[in-house]
Each structure stands twice: as C-alpha cells, then as structure tokens.
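1. Below are the sequence and a predicted model; questions follow.
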Protein chains: 2
Amino acid sequence: MLNISQKGKAMPESPIRKLVPYAEAARRKGIKIYPLNIGQPDIETPELALNAVRNYDHLVIEYSHSAGMPSLRQKLVDYYKTVNINLTAEEIIVGAGASEALLFAFQSIMDPGDEIIIPEPFYANYNGFAINAGINVKPIFSSIDTGFALPPMEDFEKEITPKTKAILVCNPNNPTGYLYSKEELETLRDIVKKHDLFLIADEVYREFTYDGRKHYSTMYLEGISENVILIDSVSKRYSACGVRIGWLASKNKAVMATALKFAQARLSPPTFGQVAAEAAVDTPASYFEKVMAEYLERRNTVVEGINNIEDAFCPKPSGAFYVVARLPVDDSDKFCQWLLEDFSYENQTVMLAPASGFYSTPDKGKNEVRISYVLKAEDLKTSIKVLEEALKVYPGRK
Amino acid sequence: MLNISQKGKAMPESPIRKLVPYAEAARRKGIKIYPLNIGQPDIETPELALNAVRNYDHLVIEYSHSAGMPSLRQKLVDYYKTVNINLTAEEIIVGAGASEALLFAFQSIMDPGDEIIIPEPFYANYNGFAINAGINVKPIFSSIDTGFALPPMEDFEKEITPKTKAILVCNPNNPTGYLYSKEELETLRDIVKKHDLFLIADEVYREFTYDGRKHYSTMYLEGISENVILIDSVSKRYSACGVRIGWLASKNKAVMATALKFAQARLSPPTFGQVAAEAAVDTPASYFEKVMAEYLERRNTVVEGINNIEDAFCPKPSGAFYVVARLPVDDSDKFCQWLLEDFSYENQTVMLAPASGFYSTPDKGKNEVRISYVLKAEDLKTSIKVLEEALKVYPGRK
C-alpha cells in the first residue's frame, strides 16, 4: 500500500508555522502583522561574512570535508578559546545547521526506543528530531512561577530508566530565555555522572546574556568531558540563520567517530555557508555590544509591557531573545489564531507562538505564549499595546 | 553507559573515503595521485550561478521557506518543462542536497523494519540512509556481464514481502553509468503497480547521456503518478556539489505533506546554495554541449583503455560519469589499497573505489572497481597506463 510512515504521521506540525495560513489571510485583508512568533532576528548579518561569500573565487563549488572545512573548524577552535573552551578541530563536526548536528548527536548515542530527558517547555523541533531518530522524550516540568529554573535533581531521577541515555538542555533557553546558573549546571553534572548519561547542551544563544550575567558552558564542567556533547551554530550569534551552519563538539572520540559516519553519508555541509561562517567568527566585539544593547532594550520593553497588562505575567529572563508569558486566556492556541483571524487594533495585530507546542506533556502551557523579541523596541511597544487591547475583547478571556 | 548506538555502529564507512589515509601517506612520499575514486567533477560551475551569489544583496541571511525558496521551486518547475515533466512548485521540496531529500523520502514512506529493493551495485550512501532510517535494503543482483541491465521482473518479485514499501533506482546509474531504457522503466512500472509500491528514482545524472540516447524519466510513466518519488539535484548537473541543493518531487500529496514536516523540523535548506541553484537553471545549452562532448571523450578513453588491458573488462555505459570495470585481481579492496601503499609508476598512482562497497550482498564485486571519469582525457590516459603497469606487478593478480 502507498501509505505514509507511522513516523511521518507522528511528526508534529511546527507550532510556529501552523498559524501561517491565518497570517496570510490577515495580510490579504490589509492588516499589518507584528511577527513575534519566530526566532528570525532582524539584526543585520555582519558585513565581513557577506563579503567573504561575495569574494569567494573558486571556479568549482566542490564538496567540502564531511566534517566541515578544516579552516572553518580551526576558526571555531579559535573562537572557543575566547570563551575559555578548549577544543580541537577534530572535536568539531559541522552540519547543515545545529538541526543536523543535533540529529547526528541523537543518532550516534541513541537507538529507537531509547529515552532522553528534556526540561520543558523546550524548543519544539526537539520533538521532531526525537521522532526522526525514533527516541522518546521524557519531559521534566519547569514552571513559569520559578522563571523556568532547572527542576530539582529528584525530578530528573524519577524519570531515569534503563532506556535513558541523555539529558538535553538549551542554555540560554529557547523558548524561555532562562539562563542556567553554574550551580544548576553542576546539578546536571552530578546527575549525568551518577547515572552515566550523556549531557547534550544546545548553546546557540551563548552570547545573548543580560543583567551582567555570564554564560556558563557545559564545557566548563569538570569530570564529565566524555559525557558532554555541545551543539552550537552561527545562526543566532551572527544573525545568519540562512547559511545553515551549526556543529556538534565533544571530547568523546567514539561519539565523534560515529557522528562522522552520519556526516559522510550526506557528503558535506554547505560550502558558501561555511565560507560565511568562517569569516563571521572575526566579527568585532563592537558588533555584539551594539546588538546586546539593542536586545536588552527589547527584552525590557516586552517584559515590562506584559507585566503592565492586567492579569498577565512575564518572568524576566537573562538570556536569548525569547520570553514565555502567561496571559489571561482560556487557550493560547485559540487566542493566537483569534488574533490573526478575528482581531485587529488600528488595522494591526500580533503573531505569537502558542506555548503548548513547546511542552511535551499534554495540556501544559495552555495559557502561555512565546514571544521572540526580534523587532525594534518601537514596534515591540506597539505590539504590546495591540496585545493589551486584544485581551480586553478576547471572548475567551479568563 | 556512555555507549554509541547500534545504528551508529552499523553505519558503514564510505568505500570512497576509507582509502584517504593511504592516499595522504602516498602524497607525503611525493607520489602524484590521479583521483578516480570520487564523483566530484572538475568541470567549472556555470559563472552565472557564482555571480548570483556574489551579487546577493540581502542584509540579513534569513531562513528560507522550509520547502525551499518559492522562486527556486518555480524555476525548477520551468526546468522540468524543458524535459517534458509537469510539476508544480508545491510538488517540490528542496533539501540540503539530494542526500537530505532522499532521507525525507525514506522517512516519509517507511518505518524501521520496512524494506526497500535496490538493484546492486548501487550508490554506497543508500546504505547509510537506509540504516539512518532503520530500513532494510534488499539488493537485486545486476551483472557486469549484461552491462548492469535491469534484472528481470521475477528477480524483484522473489524479494517482495509484506514489509516491502519501495523500489529505488538511480538512472543513469551511479556507480555503473548504466542508462535504463524505456522498456526497463516500464517493467519497474508494472512491478510497482502490481504490488502497490513506491518507486523512488534518483535522476541526478539525467543530462549525462551519450551515444544519442535520451534519458527516460520515471515521471513519464503513466498510471503510477502516486507511486513515483523523484530525487534530483544541481550538484552534478551544474558541477555545484558544494552548494548542497537537491530536492524530492512527487504528485503524491500525502508524501509531500509528510516530507514537509521533516523539512520544517530542520527549518530550511541553505540560502546561498538556493540562490546559486536558481541562477544555474538558466545555464545555456552551449555549456552542456561542451560538457557532454568532454565527458564522451573521457568515457571512451576509459572504456577503451581498460578493455585494452589484458584480462580486464569494462562495459560501455551510456550515462553518468562512472564505469564499473572488472580487473584481474584477487580482491579489489586490497588492490586499491596496494595501489596507494606499495605501488607507483613514474612516481604516479591512481585512486580507485573498490566496488565491494557498492554491493550489499557480501563477496560481490570483489574483482570490480568504480572509476569516475572526472579528470581530463589526457590524465585519464595516464591513469589507465598506470593501472596497466600496476596490474603487471600486483602480487594478487589473477
């Protein structure tokens, strides 16, 4: 029979994308939409990255090394030195985005039926990669009331079974913006050490920290260098999502040798993207200072704006460019659709990501939304105003 | 335990790459190596593709549509019209190379434990994708003595079980260069129709046909439009392997809706590669005329050269830029390694791909090698001379 696969049926629709048809319909009605639903920054890609591609003068665009161009990997080694992480080029495998790198990691250490523990809410596509690899996600609930802090060690241990192979954290976190402390990471270290698990750390938002706080990498944790698999990317750091360059890094030789076989099967990561990524590493500190000042203003605008709305609540996270906010609504899936389908304020509306898609446990996050602060502060102010007006008239207001 | 996965252990090493350390050692000894082992053409990428990337003036390199930029997909629709294939942009999903597109296809229609039938010898990475998707390859033996023609219908039917979901063919074929006839494709149509199977056709070498023969696409086959999934790429057509742009195309809406979910999970294909690919479609016919004349001369040089070697045999295939040749050796894996490790002729040697890696059945292809004619005819002549001299002194000569 010409059936599609069970796996294919199980693949979730992206919570970010399922509202797209409603947005298109709203645009056709002439309504201006503020897109706060996606993690696509509006910040310009550093010009030296664009120039490197413009000036690339090879006559044949060849396959690169399956693990990524040696020159790019060496550049990444240099980059890591600046954040006090010691890696060699052999400890890095470049993928078509952190997406592919994470899939290589999943497949290298887990077989179908194996389990991975992830604090929820978590980046929705982790579900897709898990289904793709045939593994089961065991969520650990983290609460908006604690600002999405790491749940206690006991909560993790309750979920560990003989099938458990790894814990995955995103730090700073997408969707919550939460920046894990050194102490929280040490808790994770104790768990993975005690139970002999891998610790996969998605640190693609490493540079995006506020309030004077510094990012503490899983790579700093002592005594678990064989356990840690780092996932990283240029997408957010250099506002270059479209180049599709991410990587995994680990001191665990068996993991890297296995991941390389998966990498070889698909030949190589994209050449032009690698050229851009290699150049991007030289982006001057002044670029980041400007970018961070911009994001800080945006975060404050969003957090303060939401907390000024009656019955709404938004923790003030110290990282990334997302917040998860609690709104006085019956069902944020319905609310987000209603915003596009039935509402406008001065011919404007906002597009938000319902948080339900970031939870693996059914019915969690029903009154929460993820907001990406990837627009200028002025537009964010207007967006908050629109949201406030919407909540005044939304039929499912609680 | 910090073990790697069973799947990871099962992933094969690339037959093309496992000789690389021996080649590096030979180079260090000052020996010139003619690389006939890889499918990386030396032909220049069309300049208009390179220029499109050089002139790309967006300030932010954003994610594209998960299925690929609409403008690229429309361009591909236009391209297909020129080869009498009718497709719409919605019937195309762009991937990071045909590799990713094929994986999307596998995952969309097959679950772990399902089976796919592939005539062998076949492109070695199909094994990697199959292991990746957890599916089992059932090879059907095609023989060098018939020039690797399609095996008869009975051979396929013997392998069909309730687990069989699809047949995969590569046309023109990598590694054999064999170009399937209309009649052979109609046989495949009859099989997939009778047994309700998918027919996946990897047609990335479509333009590379010789001897006045025309490529007959699976998309021309009537009555099985729901069964056919086409895999295609710009890599070989425009000598642009490094852009990592391939795609799957199908009239089967359920397949495409499912593949799109896999595509969404990894966000988007590489933007710069898509820009190059879109421009490449406008490559003038004169480019191909020159390229085909070049490849024709190369094929003839290789085929005649090998058939002039005592006890060697090479069929004369009508497509792609590969041949599989039979050599008078005990074990081509050993022979190919010996060529790099222990042999040189006038300080030169050749790097070939042992054919064993292209067979799924153990011990098949032990005296065969794949030769990619991706070097100038002059270099190919030298390569054949080197090969001839090597066979005179190889200790495992048969």
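-> Good, I have the coordinates.

2. Assumed A:Trp338 was part of a strand.
-> No - assigned with DSSP: H, G, I helix; E, B strand; the rest coil, A:Trp338 falls outside any strand and is helix.

3. roughly how far apart are the nearest residue to it once chain neighbours are set aside and B:Met219?
-> Spatially, and ignoring its direct neighbours in sequence, A:Trp338 is nearest to A:Tyr394 (6.3 Å; CB to CB, 6 or more residues apart in numbering or on different chains). For every residue, glycine as well, the C-beta is placed using N, CA and C. Distance check for A:Tyr394 against B:Met219: by CB to CB, to the nearest Å, it reads 49 Å.

4. With adjacent residues omitted, what lies nearest to the residue in the stretch 51-200 of chain A positioned nearest to chain B?
-> Going by CB to the nearest CB, chain B is nearest to A:Gly128 of the stretch 51-200 of chain A, at 3.0 Å. Excluding the flanking residues, the one nearest A:Gly128 by CB to CB, 6+ apart is B:Ala265, at 3.0 Å.

5. What values do phi and psi take at A:Leu76?
-> Dihedral angles of A:Leu76 (phi, psi; degrees, to the nearest 10) stand at phi -70, psi -40.

6. List the contacts of the residue nearest to A:Gly128.
-> B:Ala265 makes contact with A:Met11, A:Ser14, A:Ser99, A:Asn125, A:Gly128, A:Phe129, A:Asn132, according to CB atoms under 8 Å, 6 or more residues apart in numbering or on different chains.

7. Next step: the residues you listed restricted to helices.
-> A:Ser99, A:Asn125, A:Gly128, A:Phe129, A:Asn132 (DSSP state H).

8. Make TSV from the residues you listed and add distance to B:Lys290 to it.
-> Formatted as TSV, the ones in helices among the contacts of B:Ala265 follow (distance: CB to CB, whole Å):
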residue	distance to B:Lys290
A:Ser99	38
A:Asn125	44
A:Gly128	44
A:Phe129	44
A:Asn132	42
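
9. Among these, which one is most surrounded by other residues?
-> Within the ones in helices among the contacts of B:Ala265, most neighbours by other CB atoms under 10 Å in any protein chain shown means A:Asn132, with 25 neighbours.

10. And that residue, how close does it get to A:Gly39?
-> 20 Å.

11. now swap in A:Gly246 and tell me
-> Look at A:Gly246 and A:Gly39: by CB to CB, they are 14 Å apart.

12. Looking at these two, which is more packed in?
-> Counted by other CB under 10 Å, A:Gly246 and A:Gly39 do not tie: A:Gly246 has more neighbours, with 25 against 22.

13. Who are the packing partners of the host helix or strand of the more buried one?
-> A:Gly246 is part of strand A:245-250 when elements are defined by DSSP states H and E. Packing contacts for strand A:245-250, counted by 3 or more CB pairs under 8 Å, 6 or more residues apart in numbering or on different chains; DSSP states H and E, involve helix A:70-82, strand A:92-96, helix A:97-109, strand A:228-233, helix A:271-280.

14. In TSV, list the ones you listed along with mean pLDDT and distance to A:Glu297.
-> Output for the helices and strands packed on strand A:245-250, formatted as TSV (pLDDT from 0 to 100; distance: least, CB to CB, whole Å):
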stretch	mean pLDDT	distance to A:Glu297
helix A:70-82	98	25
strand A:92-96	98	33
helix A:97-109	98	27
strand A:228-233	98	24
helix A:271-280	98	24
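
15. What's opposite the nearest residue to A:Pro269 once chain neighbours are set aside in the beta bridge?
-> Nearest residue to A:Pro269, sequence neighbours excluded (CB to CB, 6+ apart): A:Val94, at 4.7 Å. Assessed by DSSP bridges, A:Val94 has beta-bridge partners A:Trp247.

16. Go ahead and confirm A:Val94 touches A:Gln74.
-> No - using CB atoms under 8 Å, A:Val94 is not in contact with A:Gln74, being 11.7 Å away.

17. Can you give me the neighbour number for A:Pro21?
-> Applying other CB under 10 Å, we find 12 residues neighbouring A:Pro21.

18. Next, the angle helix A:271-280 makes with the strand holding A:Gly246.
-> Interaxial angle, strand A:245-250 versus helix A:271-280 (axes from the mean of the first three to the mean of the last three CA atoms, to 10 degrees): 70 degrees.

19. And strand A:245-250, how far out from the chain middle?
-> Distance of strand A:245-250 from the chain centroid (CA atoms, centre = their mean, to the nearest Å) equals 14 Å.

20. Likewise for stretch A:176-187?
-> The answer for stretch A:176-187 is 15 Å, by CA atoms, centre = their mean.

21. The helix or strand harbouring A:Glu378 packs against which elements?
-> Secondary structure from DSSP H and E places A:Glu378 in helix A:377-393. Judged by 3+ CB pairs under 8 Å, 6+ apart, helix A:377-393 is in contact with strand A:32-35, helix A:285-307, strand A:348-351.

22. looking at it, A:Asp379 is touching A:Pro35, isn't it?
-> No - contact criterion CB under 8 Å: A:Asp379 and A:Pro35 do not qualify, at 9.8 Å.

23. I figured A:Ala10 hits A:Ala133, correct?
-> No - here A:Ala10 does not reach A:Ala133: they are 12.0 Å apart, not a contact under CB under 8 Å.

24. Specify the local secondary structure of A:Val169.
-> Look at A:Val169: counting by three-state DSSP, its state is strand.

25. ok, it - contacts?
-> Applying CB under 8 Å, 6+ apart, one finds that A:Val169 lies in contact with A:Ile118, A:Pro119, A:Leu150, A:Tyr180, A:Leu188, A:Leu199, A:Ile200, A:Ala201, A:Asp202, A:Thr218.

26. now do 7 Å
-> The neighbours of A:Val169, taking CB atoms under 7 Å, 6 or more residues apart in numbering or on different chains as the test, are A:Pro119, A:Tyr180, A:Leu188, A:Ala201.

27. Can you tell me which of those is nearest A:Ile85?
-> A:Ala201 (11.3 Å; CB to CB).

28. Report the spatially nearest residue to that closest one, omitting neighbours in sequence.
-> Once flanking residues are discounted, A:Ala201 sits nearest to A:Thr218: 3.8 Å by CB to CB, 6+ apart.

29. For burial, what's the neighbour tally of that neighbour?
-> 23.

30. Show the pLDDT at it.
-> pLDDT for A:Thr218: 98.

31. helix/strand/coil for A:Pro112?
-> Taking three-state DSSP, the label given to A:Pro112 is coil.

32. residues touching the nearest residue to it once chain neighbours are set aside, list them.
-> Using CB to CB, 6+ apart and skipping the chain neighbours, the partner closest in space to A:Pro112 is A:Gly134 (3.1 Å). Shown in contact with A:Gly134 (CB under 7 Å, 6+ apart): A:Pro112, A:Gly113, B:Pro112, B:Gly134.
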